[in-house]
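1. sharing a sequence plus its predicted fold:
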Amino acid sequence: MGSTISPFKDQPHYSLAKKLLPWTIYAILPIVIFRLYFYPLQLPQASRDQFPNTTPITITSSSSLSLPPLPPPHFTPSKEEERAKETPCDYTTGKWVPDKLGPLYNGTTCGTIKDGQNCITHGRLDLDYLYWRWKPKQCNLPRFEPNTFLQLIRNKHIAFVGDSMARNQLESLLCMLSTASLPKLVYKDSEENKFRRWHFPSHNANISIYWSPFLVKGIEKSNLGPNHNKLYLDHVDERWASDLDHINLIVLSIGHWFLHPAVYFEGDSVLGCHYCPGLNHTEIGFYDVLRKAFKTTLKTIAERRGSNGNGIDVVVTTFSPSHFEGDWDKAGACPKKQPYNEGEKQLEGMDADMRKIEVEEVDAAKDNGKQFAKFRLEALDVTKLSLMRPDGHPGPYMHPFPFANGVTDRVQNDCVHWCLPGPIDTWNEILLQVLKKWGGQSKRRE
């Protein structure tokens, strides 16, 4: 038997085909790609319509990429999942991160900004302070949604009560809401605009400001009288409290006026004073007085509105630190141009003590208010995130173009209030999340 001979040996046609085949494929492939790109295959209509209720797949961070099983047709979330949704986000700790989008409004698009906080129109040129966002450690803080906020306050009256920080927060909120619906000023007093009310016709909503720097009854110092305030700690200030029956949500914000000289009363007796040289009163400081003022205020609100069954929502905005680094009337009093990094600035001293008192009193009032079914209370804890923003104050731009004639040694500075727009807008972003949480609770009750 001879050796096996390949059937393809000495067949020139096969050899030529073997050589031409790759070149043929290379020539046809671009034509096929071109055809599919510009003239894609159309799937039969049935194949596109056969999954009308397909649930989008959400990919979450995990060590392995696995798709969750599709729920049954009549899927009901478990109690554990419902509780997970209700787990509140802790907005108090986090860091400021760069934000390319910037604010919703500016100094020329909002007409409710107090002149002293309108830093842009007053000539502040370093606008980097506008491009930061607060990033909580364990969750995200969504951007402000003016239409959502307006929908949540439809047919309601929101009242901001307190000192100039309450007004600062109110004006921030008005500017943010004005990007969706313009309010009408429907009431203004003759006392330096301390009592005002705006109406949003689109949602039949009212937002008011009540000047009450102590929340309790007080007589403010004046040029014609004693150089100290008088506080009556067992009575709320009826300038706002008399309207409680017509308020659905009240936002309280006080603190800085308690640093001023004052004499304190309870009943007909003088409890003591703070920085009152020349008066025969005991110096007792202001921490316990601040606590008493909150006790009286929160107790009164709960009793007047909680006991009648109508209910009320209450938010306490915690103390906002100042950032003076020198005399208030010297250049460079608050010179920082960017936020503190996480861990660079600690919450301590008076700022920490003021916040602690406010949070403790909110917690105590929550416990006491459990007897009232429709009394809801929350602390809007902004102290730490505000502490980390020394760059957000008007500083010398509390006045228009303070350096138009050159830099002078003496210039007034505001290192307490906040530029609008500015970091204080974040307070209202968090306020919106509180309202959304309450709105969800109300729907579940229904």
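-> Looks like it arrived, so ask away.

2. please make it C-alpha for all contacts and neighbour counts, starting now.
-> Fine.

3. could you pull out the helices for the stretch 101-250 of the chain?
-> Using DSSP state H, counting those that start in this stretch, the helices found in the stretch 101-250 of the chain span residues 146-152, 164-178, 238-241.

4. name the helices or strands packed onto the longest one?
-> To tie it back to what came earlier, the one meant is helix 164-178. Helix 164-178 sits against helix 146-152, strand 157-162, strand 205-211, strand 249-253, helix 425-445, with contacts defined as 3 or more Cα pairs under 8 Å, 6 or more residues apart in numbering; DSSP states H and E.

5. mind redoing it with 10 Å?
-> helix 146-152, strand 157-162, strand 195-200, strand 205-211, strand 249-253, strand 312-317, helix 425-445 (3 or more Cα pairs under 10 Å, 6 or more residues apart in numbering; DSSP states H and E).

6. how far out from the middle of the chain is it?
-> Its chain's average C-alpha position is 11 Å from that of helix 164-178, according to Cα atoms, centre = their mean, to the nearest Å.

7. residue 337 is nearest to which of the helices and strands packed on helix 164-178?
-> Nearest to residue 337, of all these, is helix 425-445, at 17.9 Å by Cα to Cα.

8. that closest one relative to helix 164-178, how many degrees between them?
-> Here helix 425-445 runs at an angle of 70 degrees relative to helix 164-178 (axes from the mean of the first three to the mean of the last three Cα atoms, to 10 degrees).

9. may I have helix 425-445 exported as CSV, CA atoms only?
-> C-alpha atoms of helix 425-445 as CSV (Å, rounded to 0.1, in the frame of the first residue of the first chain):
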residue,chain,number,x,y,z
ASP,A,425,-29.7,78.5,50.2
THR,A,426,-28.6,75.1,51.5
TRP,A,427,-30.7,75.6,54.6
ASN,A,428,-33.8,75.7,52.4
GLU,A,429,-32.7,72.7,50.4
ILE,A,430,-32.7,70.8,53.7
LEU,A,431,-36.0,72.4,54.7
LEU,A,432,-37.6,71.0,51.5
GLN,A,433,-36.4,67.5,52.4
VAL,A,434,-38.1,67.9,55.9
LEU,A,435,-41.4,68.9,54.2
LYS,A,436,-41.1,66.0,51.7
LYS,A,437,-40.7,63.6,54.6
TRP,A,438,-43.7,65.0,56.4
GLY,A,439,-45.7,65.0,53.2
GLY,A,440,-44.9,61.3,52.8
GLN,A,441,-46.0,60.6,56.4
SER,A,442,-49.3,62.4,55.8
LYS,A,443,-50.1,60.3,52.7
ARG,A,444,-49.4,57.0,54.6
ARG,A,445,-51.8,58.1,57.3
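
10. got any ranges where this structure has weak pLDDT?
-> Scanning the chain for pLDDT under 70 picks out 1-87, 442-446.

11. turn the helices of the stretch 101-250 of the chain into TSV, including distance to residue 385 and mean neighbour count.
-> Formatted as TSV, the helices of the stretch 101-250 of the chain follow (distance: least, Cα to Cα, whole Å; neighbours: other Cα atoms under 10 Å):
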stretch	distance to residue 385	mean neighbour count
helix 146-152	22	17
helix 164-178	15	23
helix 238-241	29	17
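
12. got CSV for the ones you listed, with distance to residue 203 too?
-> Listed next are the helices of the stretch 101-250 of the chain as CSV, based on distance: least, Cα to Cα, whole Å:
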stretch, distance to residue 203
helix 146-152, 7
helix 164-178, 12
helix 238-241, 23
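
13. which among those helices is found nearest to residue 341?
-> Using Cα to Cα, the helices of the stretch 101-250 of the chain put helix 164-178 closest to residue 341, at 24.1 Å.

14. CA atoms only for the closest one, dumped as CSV, please.
-> Extracted in CSV, the C-alpha atoms of helix 164-178 (Å, rounded to 0.1, in the frame of the first residue of the first chain):
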residue,chain,number,x,y,z
SER,A,164,-32.4,88.8,61.1
MET,A,165,-31.2,85.3,60.4
ALA,A,166,-34.8,84.2,60.1
ARG,A,167,-35.3,87.1,57.6
ASN,A,168,-32.1,86.0,55.8
GLN,A,169,-33.4,82.5,55.4
LEU,A,170,-36.9,83.8,54.3
GLU,A,171,-35.4,86.0,51.6
SER,A,172,-33.3,83.1,50.3
LEU,A,173,-36.4,80.9,50.1
LEU,A,174,-38.4,83.7,48.3
CYS,A,175,-35.6,84.0,45.7
MET,A,176,-35.5,80.3,45.1
LEU,A,177,-39.3,80.0,44.7
SER,A,178,-39.4,83.0,42.5
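
15. next, the angle from that helix to strand 312-317.
-> Computed by the same axes, to 10 degrees, the angle separating helix 164-178 from strand 312-317 equals 110 degrees.

16. just to revisit the earlier point, among the helices and strands packed on helix 164-178, which comes closest to residue 352?
-> Evaluated over the helices and strands packed on helix 164-178, closeness to residue 352 peaks at strand 312-317, with 14.0 Å, by Cα to Cα.

17. elements contacting the helix or strand that that closest one is followed by?
-> Note on strand 312-317: by DSSP states H and E, the next helix or strand toward the C-terminus is helix 349-368. When contacts are defined as 3+ Cα pairs under 10 Å, 6+ apart, helix 349-368 sits against helix 287-301, strand 312-317, strand 375-380, helix 383-387.

18. next, count neighbours for the nearest residue to residue 275 once chain neighbours are set aside.
-> Closest residue in space to residue 275, ignoring its immediate chain neighbours: residue 261 at 5.0 Å, by Cα to Cα, 6 or more residues apart in numbering. Applying other Cα atoms under 10 Å, we find 18 residues neighbouring residue 261.

19. got it, and residue 188?
-> Residue 188: 15 neighbours (other Cα under 10 Å).

20. residue 420 versus that one, what's the distance?
-> Separation of residue 188 from residue 420 (Cα to Cα, to the nearest Å): 21 Å.

21. then residue 298?
-> Residue 298 is 30 Å from residue 420, by Cα to Cα.

22. who has more neighbours, the two?
-> Taking other Cα under 10 Å, residue 298 and residue 420 do not tie; residue 420 has more neighbours (31 against 23).

23. how much space between the more buried one and residue 226?
-> Look at residue 420 and residue 226: by Cα to Cα, they are 34 Å apart.

24. so for residue 387, which of the helices of the stretch 101-250 of the chain sits nearest?
-> Using Cα to Cα, the nearest of the helices of the stretch 101-250 of the chain to residue 387 is helix 164-178, at 14.4 Å.

25. and the closest one with strand 205-211, angle?
-> Orientation check (the same axes, to 10 degrees): helix 164-178 against strand 205-211 gives 160 degrees.

26. relative orientation of helix 164-178 and strand 195-200 in degrees?
-> Interaxial angle of helix 164-178 relative to strand 195-200 (the same axes, to 10 degrees): 20 degrees.

27. just read off the phi/psi values of residue 371.
-> Backbone torsions of residue 371, given as degrees, to the nearest 10, read phi -70, psi -10.

28. please name the nearest non-neighbouring residue to residue 414.
-> Spatial nearest neighbour of residue 414, chain neighbours left out: residue 395 (4.5 Å); criterion: Cα to Cα, 6+ apart.
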